[in-house]
Every structure is written in C-alpha cells, then in structure tokens.
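A.B. asks: Mind folding the following:
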Amino acid sequence: MNNIKVVIGAGEYVNNPGWTHTQEEELSLLYENMWKEKFNPNSIKAILAEHVWEHLTYEEGTKAARLCYKYLKKDGYIRCAVPDGYFPNESYQNIVQVGGPGPLDHPAASHKIVFNYKTLTKMFETVGYEVKLLEYCDEEGKFHQNEWNGAEGVIFRSKKYDPRNQGEKLIFPSLIIDAVKL
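C.D. replies: Below is the predicted model:
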C-alpha cells in the first residue's frame, strides 16, 4: 500500500493497469466520508482524473482539490485532464461547452465549466499545489506539449495517446496538468 494510485471516474476504460479504478458512486470528489472509508490522509501517491473536473463547478472543483490534497502524500500529484477552452475549433467547443450538446444522457450535458490553462492552474494553486502544464493551448490557440511519462498516469484524450491526435492536426486534445502537493 506504499504507492497507492487512484483513477477517479474511470468509466469502462482501464488505461492504467495496476491503479485502483473508481466510479463516482464509490469515490466522489465531493464526499470525504467515501475517502475516509478507503484511504488514510497523506497515503496516496497519485490521482488521475481524465475529463472529470469539468463536471464540477469552480467552487466544487476547489473543494475536490482540497480533499485530494488531504489524502495525497507529500510530492504526490493529481494528473488532471479537462477539455481545453482555448482549443480553436468550433465543433470541439460546441461539444465541450457548459451543458453540452444533444440529449441529457450525453456526458457533456453535465459539463459545468470549461477551463483554460489559467483557470485550472489558479484553482489548484489556490489550494497549495504546484502546477506543471503538460498539454494545453494558449490564448492564441497554439498547442504546447511538455514532456510527460505515461507510466505516471495515461491520459487517453491527449496528443500523446489518442489516435485521433496523431499527425499534424489535433482533433480532440485535452488541457492536462500535474498538480503536485508540496
């Protein structure tokens, strides 16, 4: 139990073998009682949340970041990926917008916020994390990618791993950060 690694909102995908994969019903980012049942404070090495934080309001996201902080070890991290509000593609932005498109059972229908690298960074830094940008678009829509290791948490919807994003043209990128507990 020395290097506990947890995937929040894993869905049906198991992109990270050896990690504990959870669903909202068993480990919510908003209910500490669920965390107390499974983990001790300062016990988790890594938390991976791929396309989860956009289903929270900014205030809920801050609360969730604070809760994770309590359970992360020193130098532990959250690898967080969300839709990128600065990706310059109208159809992508239509899909990821607050409320999303189409039927209410579509996952994007429950989007409550669209982050950009500034707002996501600020949210985690406010709680006390040091944020490292891994993949993101800037205000001009230019894509940036810093080196990151999939062994520390695979984000499927990324330039690095998503087959849709291979080659010259990005189709469905994510804003990806590591938020490190100091």
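A.B. asks: All the strands of this structure, residue numbers only.
C.D. replies: 4-8, 20-21, 44-50, 72-82, 129-137, 143-145, 175-181 (DSSP state E).
A.B. asks: quick one: strands adjacent to the shortest one?
C.D. replies: By that I understand strand 20-21. strand 4-8 (parallel) (DSSP bridges).
A.B. asks: How about the longest one?
C.D. replies: Each strand that strand 72-82 pairs with, and the sense of that pairing, follows from DSSP bridges: strand 44-50 (parallel), strand 175-181 (antiparallel).
A.B. asks: thinking again about what came up before, generate JSON lines for the strands of the chain, with mean neighbour count as supplementary columns.
C.D. replies: All C-beta spots, glycine's among them, are computed from the backbone N, C-alpha and C. Below are the strands of the chain laid out as JSON lines (neighbours: other CB atoms under 10 Å):
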{"stretch": "strand 4-8", "mean neighbour count": "22"}
{"stretch": "strand 20-21", "mean neighbour count": "18"}
{"stretch": "strand 44-50", "mean neighbour count": "23"}
{"stretch": "strand 72-82", "mean neighbour count": "22"}
{"stretch": "strand 129-137", "mean neighbour count": "20"}
{"stretch": "strand 143-145", "mean neighbour count": "14"}
{"stretch": "strand 175-181", "mean neighbour count": "24"}
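A.B. asks: Which one, of the ones you listed, ends up nearest to R66?
C.D. replies: Proximity to R66, assessed across those by CB to CB, is greatest for strand 129-137 (10.0 Å).
A.B. asks: still on that earlier bit, can I get the strands paired with strand 72-82 in TSV with distance to K74 and mean pLDDT?
C.D. replies: As requested, the strands paired with strand 72-82 are exported to TSV (distance: least, CB to CB, whole Å; pLDDT from 0 to 100):
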stretch	distance to K74	mean pLDDT
strand 44-50	10	98
strand 175-181	6	98
